[in-house]
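[1] build me a structure from this.
(2 chains)
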Number of protein chains: 2
Amino acid sequence: MIGNSGANFSRRLKDFPSSPIRKLVKYADEAKKRGKEVYHLNIGQPDIPAPDYALKNFAYRIPEVVAYTHSYGLEDLRRLWAEYYKDIGIDIDYSNLVVTTGGSEAIMFALFSIADFGDNAIVFEPVYTNYLGFAEFCGVELRAYPLDVRNGFHFDNLNGMEKLVDSKTRAIIVVNPNNPTGVVLSREEVELIVEFARRHNLWIIADEVYKEFVFEGDFVSFLSTGYEKVIVVDSLSKLFSMCGARVGALVSHVREILEGVLKLGQARLCPPLLGQLLAIEVFKDKDSYRKYLKQVKDEYRLRRDVVWQESEGSSEIKIYKKPEGAFYVVAALDVENAEEFAKWMLTDFDRDGRTVMVAPAAGFYVSDRGKDEVRIAYVLNSDKLRNAIKILKEGVRVYKNRG
Amino acid sequence: MIGNSGANFSRRLKDFPSSPIRKLVKYADEAKKRGKEVYHLNIGQPDIPAPDYALKNFAYRIPEVVAYTHSYGLEDLRRLWAEYYKDIGIDIDYSNLVVTTGGSEAIMFALFSIADFGDNAIVFEPVYTNYLGFAEFCGVELRAYPLDVRNGFHFDNLNGMEKLVDSKTRAIIVVNPNNPTGVVLSREEVELIVEFARRHNLWIIADEVYKEFVFEGDFVSFLSTGYEKVIVVDSLSKLFSMCGARVGALVSHVREILEGVLKLGQARLCPPLLGQLLAIEVFKDKDSYRKYLKQVKDEYRLRRDVVWQESEGSSEIKIYKKPEGAFYVVAALDVENAEEFAKWMLTDFDRDGRTVMVAPAAGFYVSDRGKDEVRIAYVLNSDKLRNAIKILKEGVRVYKNRG
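    Numbering: from 1, shown residues only, chains lettered A, B, ... in the order given. Below is the predicted model:
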C-alpha cells in the first residue's frame, strides 16, 4: 500500500542532507546478507556496555505510571548532573542545566534560540554532520571556516574568519573534543574563539559531549571562560554508552535562554522518562561512575593508539597528528573519492570474509572539501580494530590497482 | 551564576507560545506549598498505570549496551504496531510506520516535510496547543477555521474555509478524536475534509492518538479514506499511559514522505530505545493489551459521564454536547476571562483545602476567541473528578460575586 503520489513536498525536505554516517547502511546490510562480516567504524555507537550498577538499579525503579516529567527534565537528575559539573571544576547550578532528548535536541534548541530563519552561524569544518541537518531544520545557514587535515585540524589564528561575519551572523559553533576529528582544543585555541565571539557579539554553541575522553592536554569548557553568551550541548550517550537512552542537556549561564528553552521544551512535553531514570542511577554513585569513566577512557586511549600505530607511516591512511580525544579521527585516504571507495569496500571487497565500513568525510564538510577523507570511529576492541585498519589499508591498495 | 546578558535572542524564541497547559504550573506549585490540594484537570497525564505485564517483562529485557536504534525505530516494534493497525481495520505495512520521539516529533516531521518556511496550514480551532508551538518551530502559519462551543465543536459544512486557502496553503490539520474538545468526527465530517483537501490538493495531517477512546459513534481514520496525501500522527502515550516513554509514530502511504522523514530521523539519530522496548512488550501480548484498552476506555467513559452529569444544567460550566471521545472537553465558564479565573482558583480559592487547576482554552485558539473557555482533562478517578467539578462550579460562583 505504498504509492508514489507525485505530491508536493517541501523544498527543505528535498534539500535536507543525508547522513554520511548512515547513508551507506543499505550496502552494509546487503554485504551481511551475502555472509560478509562488516567492521563498523562508521558510527559512534560504542560496543561498551552502560554502567552495570546503574542498569541493575534502574530495573527495580521502573514506575507504574510512565508519566511525563517536567519539560526541563527530572529535578533529581538536573541536581546530580550539576554536581558532576562541579566535580570536574565547572561551576553551574542545576537551574543552568536543562535535560533534552539527546544532545541532538540541545543542538536544535540552541540554534532556534539564537538565530532566526535566514540568519547564519560559523562552523569549523569538518563539523559533526548533524549540525548540517539541524541548521537546515532551523533555516540557519552554516558558514565554514576551513581546517586542514595536514595540520591535524588545529589552528594558530583565526585569520579570514572576519570575512564570514555579516549582520546576520549569530554564533560560532564549536565541537570540543571534536567529532569527527578527535581534536581537543588547546587553551589558546579556546581563547582565540572567545576573543572573536566577544569582538563580534556572537553566541558560542559549544558541543562538549566528549569532555571525559581527553588523552592529551586539558579540556577547557567554554562555560569556564568568563564569556557569557555560551550555550553548551551535553549528552550522556557517549560518556556512559547509553546512546539509545536519548538523554542530553543544554547548559547556559544566560537566564533568558533557559526561559526561552522552557517554551520549546513544553512544546515537545518532556525528555524520555526511562532514560532519565537510568541516568539518575548512573549519577547517584559517584565512585562507581568515576571508575567506569576511567576504564572507558583508558580503553579509548588504547584504541586510539592502535589506529595511530596501524596507520603510521602508511601511504594508504594518512593521519597527520595523533588525535587527542573523543573516539574519532579523520584520515585522508589515498583515493580520490572516499565515498565511492567506502561503498566499494562494502559491495566489492573483503579479506577472509571481512570488510570495513567507514563514514565518508565529505558529509562533514559544508564546502566541497574533504572528498578523499573518511571518519573512523574507534568503537571496536583493539583486536578487531587492528584487523579493521589492516583491511582498510589493504582495501585502499586493491582499490587503487583495480582494473 | 545565572546572569542577564541583555543578549540578542531570536525573534522566534520571543514569539514562541507558552503552553496554556503548563503556564500556570508555578501558581499550582505555590498553592501546594501553602498546603492546598490541587486537582489537576489541566494536563493530559492519566493517573492510570501502564500495562503491568509489559512493565514486568520490560524490566527483564533491559540490554547491556543501550544502543542507538535504527532512525526509523526498532523493526520489531514497527511490525507489531502495524499488526495492531491491521487488527483495527487499517491496512498498513510496517514500512508505512516510522517510530518517532512521541507524537510531538511526528507533528514536527510532518509539518517540516510538507511546508516550507512561510507556507501555511489550516487548523480547526480550538486545536491541540502544541500545533501552535511546532508551527512556530517550522515557520508555518496556522490559519484557523472556527468551530463553536455551542455546536459542540461539530460542523455540517466547511463554508468559508475556501477563503483561508492561498498559493502557500499546504495542509489541513485535524485532530480526531479531538484534543482539546473531545469531539469524534462523524464519517460525514471526515468526508467533507477529504473532499476539501482533494479539491485544493492539500495534505491532511491527521492526529489520531486517541483513536481507542471513542464512546459514541465510530472512529474513521484518514488512512482509510482512499485519499493518499495523508500523514497520520500516532502515539502510545495516552493509549497505554506511557506518556513519559516518548514513543510515537508517523504513518503514511506516501513513499517520498517516508524517505524524506528518514533523513530527518537520522539527524536526531533515533527514538528512545527504552520506551521502544517497553512498547514491544505491550504489543507482544495482544489479548492483554486489548483487555487493558477496554478497561481504560470504560474508565474514561465513566469519567466523561461524571463531568457531563456534574455540569449538566449548570450555569457555571456550560458543555453543549456530550464529548464523544479522548478524555477532554472544552467548557464555557460563566466568567469573562478564564485564564484570570484559572489563576485565581490557584492563588485565592479553595474548598476544604482543595482547589482545581484547568487549562485556559484561549491558548488552544489561533485567533482571540475562546477567552471564557477552559479545557478539562478527565484524568482523575470518578470520586476525585466529581469533587473537582463541584469545586470548579463553586469557584465560578465565588469568583463572580467577589468584591
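
[2] residue contacts, the closest residue to residue A:187 other than its chain neighbours?
    In space, and not counting its chain neighbours, residue A:187 is closest to residue A:220: 5.2 Å by CB to CB, 6 or more residues apart in numbering or on different chains. Using the backbone N, CA and C atoms, a C-beta is placed for each residue, glycine as well. Residues near residue A:220 by CB atoms under 8 Å, 6 or more residues apart in numbering or on different chains: A:176, A:185, A:186, A:187, A:190.

[3] tell me how far the last one lies from residue A:227.
    Think residue A:190. 10 Å (CB to CB, to the nearest Å).

[4] ok, now residue A:355?
    For residue A:355 relative to residue A:227 (CB to CB), the value is 46 Å.

[5] what about the closest residue to residue A:324 other than its chain neighbours, how many residues nearby?
    Among residues not flanking residue A:324 along the chain, residue A:184 sits closest, at 3.9 Å (CB to CB, 6+ apart). Neighbour count of residue A:184, defined by other CB atoms under 10 Å in any protein chain shown: 24.

[6] over to the one 5 residues further on?
    Applying the criterion other CB under 10 Å, we find 20 residues in the vicinity of residue A:189.

[7] same check on residue A:177?
    26.

[8] residues in contact with the nearest residue to it once chain neighbours are set aside?
    Closest residue to residue A:177 apart from its sequence neighbours, by CB to CB, 6+ apart: residue A:325 at 3.3 Å. Applying CB under 8 Å, 6+ apart, we find residue A:325 in contact with A:177, A:178, A:182, A:183, A:184, A:210, A:213, A:214, A:215, A:216, A:219.

[9] hmm, residue A:290 and residue A:282 touching each other?
    No. Using CB atoms under 8 Å, residue A:282 is not in contact with residue A:290; the gap is 11.1 Å.

[10] could you check which of the two has the larger neighbour count?
    Legend: neighbour count by other CB under 10 Å for residue A:282 and residue A:290, higher for residue A:282 (28 against 13).

[11] where does the more buried one fall, secondary structure wise?
    Using DSSP states H and E, residue A:282 falls within helix A:273-284.

[12] immediately after that helix, which helix or strand?
    From helix A:273-284, the next helix or strand downstream (DSSP H and E) is helix A:286-311.

[13] restricted to helices, list the contacts of residue A:325.
    Applying DSSP state H to the contacts of residue A:325, no entry is found in helices.

[14] for the residues you listed, which entry has the maximal number of neighbours?
    residue A:182 (29 neighbours).

[15] gap between that residue and residue A:320?
    12 Å.

[16] let me see the contact set for residue A:49.
    A:55, A:241, B:64, B:65.

[17] could you find the closest non-adjacent residue to residue A:311?
    With CB to CB, 6+ apart, the residue lying closest to residue A:311 is residue A:317, at 4.1 Å.

[18] what's the one you found in contact with, if anything?
    Residue A:317 touches A:310, A:311, A:331, A:332, A:333, A:334, A:389, A:392, A:393, A:396, counting by CB under 8 Å, 6+ apart.

[19] residue A:98 too?
    Residue A:98 neighbours (CB under 8 Å, 6+ apart): A:72, A:73, A:78, A:106, A:109, A:249, A:250, A:251, A:258, A:261, A:262, A:265.

[20] and those as TSV, adding secondary structure and pLDDT?
    As requested, the contacts of residue A:98 are exported to TSV (DSSP: H, G, I helix; E, B strand; the rest coil; pLDDT from 0 to 100):
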residue	secondary structure	pLDDT
A:72	coil	96
A:73	coil	97
A:78	helix	98
A:106	helix	98
A:109	helix	97
A:249	strand	98
A:250	strand	98
A:251	strand	98
A:258	helix	96
A:261	helix	96
A:262	helix	94
A:265	helix	95
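
[21] which of those lies closest to residue A:148?
    residue A:106 (28.7 Å; CB to CB).

[22] which SS class is residue A:160?
    Three-state call for residue A:160 (DSSP: H, G, I helix; E, B strand; the rest coil): coil.

[23] and the gap between it and residue A:322?
    For residue A:160 relative to residue A:322 (CB to CB), the value is 26 Å.

[24] related to what we said a few turns ago, buried members of the contacts of residue A:220 into ChimeraX, please.
    To isolate the buried members of the contacts of residue A:220 in ChimeraX, using 16 or more other CB atoms under 10 Å in any protein chain shown:
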select /A:176,185,186,190
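
[25] which of the contacts of residue A:220 sit farthest apart?
    A:176 and A:187 (11.3 Å).

[26] can you tell me the closest non-neighbouring residue to the residue of the stretch 1-150 of chain A found nearest chain B?
    Closest contact between the stretch 1-150 of chain A and chain B, by CB to the nearest CB, is at residue A:133 (3.1 Å). Here the nearest residue to residue A:133 in space, its sequence neighbours aside, is residue B:267; by CB to CB, 6+ apart that works out to 3.1 Å.

[27] surely the one you found meets residue A:130?
    Yes. Between residue B:267 and residue A:130 there is a contact under CB under 8 Å: 5.4 Å.

[28] what's the overlap in contacts for these two?
    Joint contacts of residue B:267 and residue A:130 (CB under 8 Å, 6+ apart) are A:19, A:104.
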